[in-house]
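> model the structure of this input:
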Amino acid sequence: MASYLNLFSLPDHHIDYLQKNSTLLFEYMEGEVVYQKDESKFKSIYSRVFKSESVITDFPTEPIETFNPEINHRNIELYHFILNGTTEFVSGAGSIFQTWLIIDNHNAIKIDKSNEHFAFKSETVPSLLKIVEQLTDSTIKSRYCEWFSKNFPKHTPTEIELTELCDGFVTFKDGLDNAVNNQLGILWASC
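Purely as a prediction, here's the structure:
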């Protein structure tokens with residue numbers, strides 16, 4: 001069974017919260033109520049006894065919407081190559097897919113200790129969008145075919161594969177565009 005990359009946008013302060021409370025990530029993604037523990041030094045007797053928690057009011061109350069192309073742990077090297085035009089590791093926003101390839105050679109924020117969930121804050125997303133916007137259908141198809149000719153020479157990509165791939169990058173670009181327009185970061189989680 002493959003682990004899939006699920007991408008979604010969120011405010012920077014949600015990234016900060018989830019980085020400190022990574023066990024709540026899937027509750028967050030499902031839109032379940034997320035509580036924030038009262039960790040102030042001067043708690044009332046009531047809050048100490050009943051372990052007072054408050055609802056974080058701007059967290060999602062419905063399942064989040066993702067904008068993923070069909071990316072899984074089996075094809076992550078391919079997507080890195082399509083995005084960056086190289087198999088070499090890169091720095092900056094283009095390192096998004098490296099998070100699954102090498103633990104410490106990327107510019108993403110680690111959300112969890114298992115190194116499966118990562119984020120970019122809102123200031124990095126425009127750079128990633130710029131990279132994705134430079135990928136024309138022709139470039140995507142060309143890099144896809146080049147990847148397969150080097151790694152799986154017996155496979156000839158079909159037009160359906162190429163069309164679905166390009167459509168996936170449109171979905172990815174649209175999600176990034178939405179994040180930029182709303183000054184949001186992005187988080188990608190392994191599911």
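
> which parts of the longest helix belonging to the chain are buried?
When the chain is parsed with DSSP state H, its longest helix is helix 159-181. Residues of helix 159-181 classed as buried by neighbour count (16 or more other CB atoms under 10 Å): 162, 165-166, 168-169, 172-173, 175-180. C-beta: built from backbone N, CA, C; applies to glycine.

> where along the chain do the helices fall?
Per DSSP H, the chain carries helices over the ranges 12-20, 25-30, 45-50, 76-84, 125-133, 137-151, 159-181.

> how distant is the last one from the center of its chain?
The chain centroid and the centroid of helix 159-181 are separated by 14 Å, computed with CA atoms, centre = their mean, to the nearest Å.

> what's in contact with it?
Helix 159-181 has contacts (CB atoms under 8 Å, 6 or more residues apart in numbering) with 7-9, 66-71, 82, 122, 125-126, 128-129, 132-133, 135, 137, 140-141, 144, 184-186.

> just the buried residues of those.
Among the contacts of helix 159-181, those buried by neighbour count (16+ other CB under 10 Å) are 7-9, 66-69, 71, 82, 122, 125, 128-129, 132, 135, 140-141, 144, 184-186.

> where in this protein is the helix or strand with the lowest mean pLDDT?
helix 45-50 (a mean of 48; mean pLDDT, DSSP states H and E).

> what residues of stretch 110-118 count as buried?
Using 16+ other CB under 10 Å as the test for burial, stretch 110-118 gives 110, 111, 116, 117, 118.

> how about stretch 6-22?
So for stretch 6-22, counting by 16+ other CB under 10 Å, buried means 6-12, 14-15, 17-19, 21-22.

> so where's this structure shaky on pLDDT?
1-2, 33-56 (pLDDT under 70).

> and if we set it to 80?
Applying pLDDT under 80 to the chain flags residues 1-2, 33-57, 69, 72, 102-105.

> ok so, going back, out of the helices of the chain, the one nearest residue 191 is which?
helix 25-30 (8.1 Å; CB to CB).

> so what does that closest one touch, helix or strand wise?
Applying 3 or more CB pairs under 8 Å, 6 or more residues apart in numbering; DSSP states H and E, we find helix 25-30 packed against helix 12-20, strand 185-190.

> please repeat the previous calculation with a cut-off of 6 Å.
Helices and strands touching helix 25-30, as assessed by 3 or more CB pairs under 6 Å, 6 or more residues apart in numbering; DSSP states H and E, are absent.

> count the residues that sit near residue 139.
14 (other CB atoms under 10 Å).

> for it, give me its contacts.
By CB atoms under 6 Å, 6 or more residues apart in numbering, no residues touch residue 139.

> ok, it to residue 10 distance?
Separation of residue 139 from residue 10 (CB to CB, to the nearest Å) stands at 29 Å.

> state the distance from the nearest residue to residue 137 once chain neighbours are set aside to residue 132.
In this structure, residue 137 finds its nearest non-sequential neighbour in residue 166, 4.6 Å apart by CB to CB, 6 or more residues apart in numbering. Distance of residue 166 to residue 132, computed by CB to CB: 12 Å.
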